[in-house]
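Q: got a structure for you, letters missing:
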Ligand code: 5GP
Ligand code: MN
């Protein structure tokens with residue numbers, strides 16, 4: 001790890017064409033880590049472009065530099081050109097090329113120096129420099145660590161701090177899970193450095209549209225089933241729900257977590273009937289690994305307690321599969 005950090009430090013010496021990439025449906029950690037890394041690298045004179053495969057949620061638009069990002073779904077030619085010209089590519093908050101859609105191929109065949117900084121389980125071996133720590137709360141925490149260990153923590157100004165704090169706060173559910181004592185150390189250093197955490201939380205969390213709460217209400221009232229015996233909670237949304245509630249990408253963010261508010265629920269699954277694929281979001285408490293379930297049964301992955309996947313099948317079949325596969329796992333725990 002230290003060796004990789006020193007290699008990274010050495011490669012940053014001369015200005016370069018740099019691309020920062022993060023995963024589709026970017027969340028607070030993906031956006032925060034990308035914006036922080038961009039500002040950090042720009043301070044050395046690098047020419048940096050940030051690319052996301054798909055659009056970002058509106059509640060992160062306030063982060064410095066977000067509007068300078070390129071979105072592959074909206075502007076594929078520009079994104080491909082940037083990757084083609086890149087001398088260094090930073091892969092932040094993802095560790096599998098299928099998380100960046102079609103851009104995965106461009107990254108795979110690029111001759112650029114590839115740097116992975118990530119905290120998901122089971123990294124794919126596509127990067128030259130790999131800083132992969134699944135125990136880290138967030139990619140933002142890892143970026144703080146990397147900057148600090150390179151001896152550049154004085155470069156973390158309040159703007160970079162705000163971006164990093166965003167990833168810490170969102171990936172830990174406001175410091176409720178995935179934390180270590182180091183997470184709080186980083187949070188403390190960032191706050192000391194000028195981050196207004198109260199204002200930040202207000203901008204990120206108290207920014208939902210009425211529609212979001214209506215969709216949540218619909219799920220809680222009409223689209224929820226609890227299997228009491230084993231502690232499995234399931235919610236789902238049909239194609240018709242997408243039409244009736246005008247549900248767009250990102251509108252279902254966070255819904256699955258409501259299942260875990262019940263003491264009796266140990267695993268929560270949200271099943272979404274999207275246009276061509278059924279998407280799953282899985283969450284668990286304690287020792288049960290939904291990452292294993294997602295990678296083994298639903299072409300996905302993620303973290304032990306938060307993972308996702310996708311399958312090409314009918315909504316009914318996927319719900320049936322969830323009900324068949326997960327109860328025995330729960331019962332054996
Ligand atoms: P969410 O349920 O919020 O979409 O995703 C939760 C976690 O699972 C995220 O950390 C994400 O990286 C991971 N994840 C979600 N969907 C997929 C997927 O299709 N493949 C993989 N490998 N991971 C996923
Ligand atoms: Mn993350």
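A: Perfect, I can see it now. Keep in mind the model is a prediction, meaning the values are calculated, not measured. Ligands and ions are numbered 1, 2, ... in the order given.

Q: Tell me if the longest helix seen in the chain is near ligand 1.
A: Taking DSSP state H as the criterion, the chain has its longest helix at helix 315-331. No - no part of helix 315-331 sits near ligand 1 under the criterion C-beta under 6 Å from any ligand atom; the closest distance found is 13.4 Å. C-beta: built from backbone N, CA, C; applies to glycine.

Q: Could you list the buried residues of that helix?
A: Using 16 or more other C-beta atoms under 10 Å as the burial criterion, the residues of helix 315-331 that qualify are 315, 318-319, 321-322, 326-327, 329-330.

Q: so what are the domain limits for the protein?
A: Using automatic domain parsing, the domains assigned to the chain come out as 2-205, 210-332.

Q: any idea which of these is most buried?
A: Using mean count of other C-beta atoms under 10 Å, the stretch among those with the largest mean neighbour count is domain 2-205, at a mean of 19.

Q: which stretches of the stretch 151-300 of the chain form helices?
A: Chain-ordered helices for the stretch 151-300 of the chain, with DSSP state H, counting those that start in this stretch as the definition, fall at 158-171, 181-192, 197-205, 210-222, 239-244, 290-297.

Q: Report all helices and strands that the fourth one contacts.
A: Using 3 or more C-beta pairs under 8 Å, 6 or more residues apart in numbering; DSSP states H and E as the contact criterion, the elements in contact with helix 210-222 are strand 232-237.

Q: how about the strands of the chain, start to end?
A: Chain-ordered strands for the chain, with DSSP state E as the definition, fall at 17-21, 47-52, 70-71, 88-92, 113-118, 129-132, 224-227, 232-237, 267-273, 278-284, 301-302, 306-311.

Q: Of all these, which one comes closest to residue 291?
A: strand 306-311 (4.5 Å; C-beta to C-beta).

Q: quick one: strands adjacent to the closest one?
A: Taking DSSP bridges as the criterion, strand 306-311 pairs within the sheet with strand 278-284 (antiparallel), strand 301-302 (antiparallel).

Q: Output the helices of the stretch 151-300 of the chain in TSV; the columns should cover distance to residue 65 and mean pLDDT.
A: Formatted as TSV, the entries for those read as follows, by distance: least, C-beta to C-beta, whole Å; pLDDT from 0 to 100:
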stretch	distance to residue 65	mean pLDDT
helix 158-171	8	98
helix 181-192	17	98
helix 197-205	15	97
helix 210-222	25	97
helix 239-244	32	97
helix 290-297	31	98
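
Q: Among the ones you listed, which comes closest to residue 283?
A: Taking these one by one with C-beta to C-beta, helix 290-297 is closest: 6.5 Å.

Q: on contacts alone, who are the packing partners of the closest one?
A: Contacting helix 290-297 under the criterion 3+ C-beta pairs under 8 Å, 6+ apart are the following elements: strand 278-284, strand 301-302, strand 306-311, helix 315-331.

Q: neighbouring contacts of that helix?
A: Residues lying outside helix 290-297 but in contact with it, judged by C-beta atoms under 8 Å, 6 or more residues apart in numbering, are 121-122, 267, 280, 282-284, 300-309, 321, 325-326, 329.

Q: cutoff 10 Å now
A: For helix 290-297, the external contacting residues (C-beta atoms under 10 Å, 6 or more residues apart in numbering) are 96, 120-122, 134, 267-269, 280-284, 289, 298, 300-311, 318, 321-322, 324-326, 329.

Q: Tell me how far that helix lies from the chain's centre.
A: Chain-centre distance of helix 290-297: 17 Å, with C-alpha atoms, centre = their mean, to the nearest Å.

Q: ok, that helix near ligand 1 or not?
A: No - figure legend: helix 290-297 not in contact with ligand 1 (C-beta under 6 Å from any ligand atom); closest approach 6.6 Å.

Q: That helix versus strand 306-311: what angle between them?
A: Note on geometry: by axes from the mean of the first three to the mean of the last three C-alpha atoms, to 10 degrees, helix 290-297 and strand 306-311 are set 10 degrees apart in direction.
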